[in-house]
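[1] Sequence isn't available, so here's the structure alone:
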């Protein structure tokens, strides 16, 4: 999986075209998001994704804001992108907020690989000023380990916040989380 975050909607279309022409990949998402950015998220065989990413990066030029390359993304991250969340609620909830869509995907992948947690929500840039955020759940020590891993893997200023809620109120779980 790879993602290009571009600072120009018009250039975003050019980037999507360039990477599709370079290699056989499948676009999962190619759309404008606030505040006037364009996201291109795609997947395929490792070599094909690398080739397409290179073409997209070159086409983006100075409009490239952030990029992500995850050759072996965690399966729960892929399910989160498809908005398919499964499993039991844990005793604690972790919340991560990042400056870019690429950094939120990187953070979620690291969190899922580091600890036995479950992704409960993944939000990429739409309607929140280009930010990304996600929530995860699990046993307290696992959520703490996941959040610590995020803090190590995603540097500031891209990492805006990590929060932990121990034993969330049932109404918060039902209405907000």
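    Received it, and whenever you're ready, just let me know what you need. These figures come from a predicted structure and were not determined experimentally.
[2] can you tell me which residues contact residue 57?
    Going by Cβ atoms under 8 Å, 6 or more residues apart in numbering, residue 57 touches 4, 64, 67. No exception for glycine: its C-beta is placed from N, CA and C like everyone else's.
[3] Equivalent analysis for residue 111, please.
    By Cβ under 8 Å, 6+ apart, the neighbours of residue 111 are 94, 96, 117, 134, 136, 146, 147, 149, 150.
[4] For the residues you listed, name the two members farthest from one another.
    Farthest pair in those (Cβ to Cβ) is 134 and 149. Separation: 13.3 Å.
[5] Looking at those two, which is more packed in?
    Set residue 134 next to residue 149 and count neighbours by other Cβ atoms under 10 Å: residue 134 wins out with 24 against 17.
[6] is it true that that one touches residue 110?
    No. Between residue 134 and residue 110 there is no contact under Cβ atoms under 8 Å: 11.3 Å.
[7] Report the residue ranges of every domain in the chain.
    When the chain is parsed with automatic domain parsing, its domains come out as 2-69, 75-175.
[8] looking at this, residue 41 is in a strand?
    Yes. Assigned with DSSP: H, G, I helix; E, B strand; the rest coil, residue 41 falls within a strand.
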